[in-house]
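*Asks:* Next one to model:
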Amino acid sequence: MVTPSAGELRKRAYIRPLSRPGELAEAWRQAGLRDVVRDMRTIRMDFSSFADFWAPNEGKDGPIAEYVAKLTPEVTTRIRSAVQSAYLDGEPDGPRSYAATAWVVRGTVPG
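*Replies:* Next up, the predicted model:
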């Protein structure tokens, strides 16, 4: 890990309540909804360049941006450089598209 707090960041960012399979559907059932169906939706996240991809990490919203804001400039530069190498993967900078998947549920309100 780049910094000692990186593990805690990962936990907060990726292991949240209702993020594991079945948890969201169970919450809906416990709220009294019937015929609850769980599914997944995947969207494409398109970026025009590495700068476009990296920008949210130096923003103000979300656990990753909060974490990056607390880093020293030197550590931020190291992380940004490592992520940029992965983004470029030996290719010129330019557009990239990545998949993002989320759990979705639907149910019927009784009555």
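*Asks:* Please point out which parts of the longest helix seen in the chain sit buried.
*Replies:* Ranked by residue count, the top helix of the chain under DSSP state H comes out as helix 73-88. For helix 73-88, burial by neighbour count (16 or more other C-beta atoms under 10 Å) applies to 76, 79-80, 87. In short, each C-beta sits where N, CA and C put it, glycine included.
*Asks:* Which residue ranges of this protein form strands?
*Replies:* Secondary structure of the chain, counting by DSSP state E: strands at 34-47, 96-108.
*Asks:* one step back: out of the buried residues of helix 73-88, which is nearest to Arg16?
*Replies:* Ile79 (21.8 Å; C-beta to C-beta).
*Asks:* Quick check, that closest one in contact with Leu71.
*Replies:* Yes - the pair Ile79 / Leu71 is scored as a contact, 7.2 Å apart, by C-beta atoms under 8 Å.
*Asks:* So what would you say the end-to-end distance of stretch 57-76 is?
*Replies:* Distance across stretch 57-76, first residue to last, is 10 Å (C-alpha to C-alpha, to the nearest Å).
*Asks:* Identify each buried residue in it, please.
*Replies:* 57, 64, 67-68, 71, 76.
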